[in-house]
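A.B. asks: Sequence and predicted structure below; questions after.
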Amino acid sequence: MSRSQEPRTLAVLAATVFAAALVPVLGAGTASATTAECNPATVQYRIVGADGNVVGADWTSEGGFLQWTTVPGTVQVRLAPGQTVADGCTYPVSLAEYTTEGPNWYTSGHQTMVDKASVYLTADDLAGADDKGRTWQKLSVKSPDCYGQIDLYGDDISYDGKTGTGHGPLPYQPGNVNTPYHLIAAWNGGDKECTPGTPESPTPSETTPSSPATPSTPADSTPPAETTTPPTPAPSTTPPTTPDVPPMTTPPNAPKPDSSPSGPPLAETGSNAPVGAIAGGAAAVVALGAGALYMGRRTRRS
C-alpha cells in the first residue's frame, strides 16, 4: 500500500466505526418514538340471563341510570368495534352490587357493597366484523333480593367505603358522592327494604293522616310534609356516565415489567439506558479518526 493511500484507508475505517457506534443511539431514539400509546377505549356490554340468552338490547354502550326489569346479575363486556387498541394496553371493567334504601338513585340513601367482579380487556377483546362463535369476558355478581343498585364501571377499585389501596368511597346520593368513577351504566330496582327491622322507624308517616283531626296537630303535621319535599329537588341530575374507559397504568396484580407484551423489549432511553457508554465509545472513535487524519497528513509531509 502506498503512503498516499494509507491515510485515506485510516480515515474511511474511522468513519465506518463511528457510524457503527452511532446506530444504537439513533435506534434507541427511533424505538422510543414508535412506542405505542394506550388511549381510552370504548366498552360495550350486554346482559345475559341464567339460560345464557341475551336479555334486552344486544351489544350497547348506553349509559345513564336504568330501572331493571330483570336484575343484571351477569354482564358480558368487550371493546367496541372500529377502534384501534395497541398490544399491551389493558382496560379494567368492574361490576358491583349494592343494597340501598330505595329503588332508584334519588332514594338510594346509604349503600352497602355486597359483591364485586372485575375483568381486564385487551386487544383480544376487540369486536370485529364477524364475531360468531367468539366468547366474551363476563362479570357476575349476586342478584339483590331487595332495594339495590348495580354499577358497571371502568376501573378495578372497590368503592366499599374502606381505606387503603384498591378502595374508594361508597356512593351516597344525599352527600353528592358520585362513585364509582368512570361509570359506564347503572341499574336500580327492588320492591322491598333490605332490612325488615327498619320499616318500624320510618312509620311515623302513618301518624300524619290522623293528625289533621285535631286542631292542635296541623302545625306538627306540616314539618313532616316539608321533610318529604327535599328529595324532590335531587332528581335534577344523576352521576355522569361514559363508555370510554381509561387504560391501566400498571398491570393487575403484577409488577411493572410484566406490563409489556412477550415480544422483545424496547430500546432503553431513560436513566437506565447505556447512553453514557455509547457516547464514550463514540468519542473514542472520533479521537481515533482525528488521530488517523493527523498521522496521514504528517506522513505526506514527510
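C.D. replies: Yep, it's here. Numbering: from 1, shown residues only.
A.B. asks: how about the helices in this structure?
C.D. replies: Using DSSP state H, the helices found in the chain span residues 5-33, 218-228, 275-301.
A.B. asks: what mean pLDDT would you report for the second one?
C.D. replies: The reference is to helix 218-228. Helix 218-228 shows a mean pLDDT of 48.
A.B. asks: Tally up the residues packed near the nearest residue to residue 116 once chain neighbours are set aside, please.
C.D. replies: Nearest non-adjacent residue to residue 116, counting by C-beta to C-beta, 6 or more residues apart in numbering: residue 96, 4.4 Å away. To be clear about C-beta, it is placed using only N, CA and C from the backbone, and glycine gets the same treatment. As a burial measure, residue 96 scores 26 neighbours (other C-beta atoms under 10 Å).
A.B. asks: Tell me who's in contact with residue 96.
C.D. replies: Going by C-beta atoms under 8 Å, 6 or more residues apart in numbering, residue 96 touches 113, 115-116, 141, 150-151, 153, 158-159, 180.
A.B. asks: any chance of those in JSON lines, with neighbour count too?
C.D. replies: Output for those, formatted as JSON lines (neighbours: other C-beta atoms under 10 Å):
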{"residue": "113", "neighbour count": "20"}
{"residue": "115", "neighbour count": "15"}
{"residue": "116", "neighbour count": "20"}
{"residue": "141", "neighbour count": "22"}
{"residue": "150", "neighbour count": "27"}
{"residue": "151", "neighbour count": "26"}
{"residue": "153", "neighbour count": "25"}
{"residue": "158", "neighbour count": "17"}
{"residue": "159", "neighbour count": "23"}
{"residue": "180", "neighbour count": "23"}
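A.B. asks: from those residues, which is closest to residue 84?
C.D. replies: residue 153 (23.1 Å; C-beta to C-beta).
A.B. asks: What's opposite that closest one in the beta bridge?
C.D. replies: residue 94, residue 183 (DSSP bridges).
A.B. asks: What residues does it make contact with?
C.D. replies: Residue 153 neighbours (C-beta under 8 Å, 6+ apart): 93-94, 96, 180-184.
A.B. asks: Okay, now the unreliable bits of this protein?
C.D. replies: Filtered on pLDDT under 70, the chain yields the residue ranges 1-36, 196-236, 250-302.
A.B. asks: Which segments of it make up each domain?
C.D. replies: 1-30+280-302, 41-207+217-246 (automatic domain parsing).
A.B. asks: hmm, back to that, out of the contacts of residue 96, which are inside strands?
C.D. replies: Among those, DSSP state E puts 113, 115-116, 150-151, 153 in strands.
A.B. asks: and the residues you listed, which two are the farthest apart?
C.D. replies: Among the ones in strands among the contacts of residue 96, 115 and 153 lie farthest apart (C-beta to C-beta), at 14.2 Å.
A.B. asks: what's around the residue lying closest to residue 128 once chain neighbours are set aside, how many residues?
C.D. replies: What sits nearest to residue 128 in space, not counting adjacent residues and going by C-beta to C-beta, 6+ apart, is residue 81, at 6.1 Å. Look at residue 81: counted by other C-beta under 10 Å, it has 13 neighbours.
A.B. asks: Closest one of the contacts of residue 153 to residue 145?
C.D. replies: Nearest to residue 145 among those, with distances taken as C-beta to C-beta, is residue 96, at 16.7 Å.
A.B. asks: Give me the distance between the closest one and residue 187.
C.D. replies: 11 Å (C-beta to C-beta, to the nearest Å).
A.B. asks: same question, residue 145
C.D. replies: With C-beta to C-beta as the criterion, residue 145 and residue 187 are 15 Å apart.
A.B. asks: So which of these two has more stuff around it?
C.D. replies: Set residue 145 next to residue 187 and count neighbours by other C-beta under 10 Å: residue 187 wins out with 21 against 12.
A.B. asks: Thank you, goodbye.
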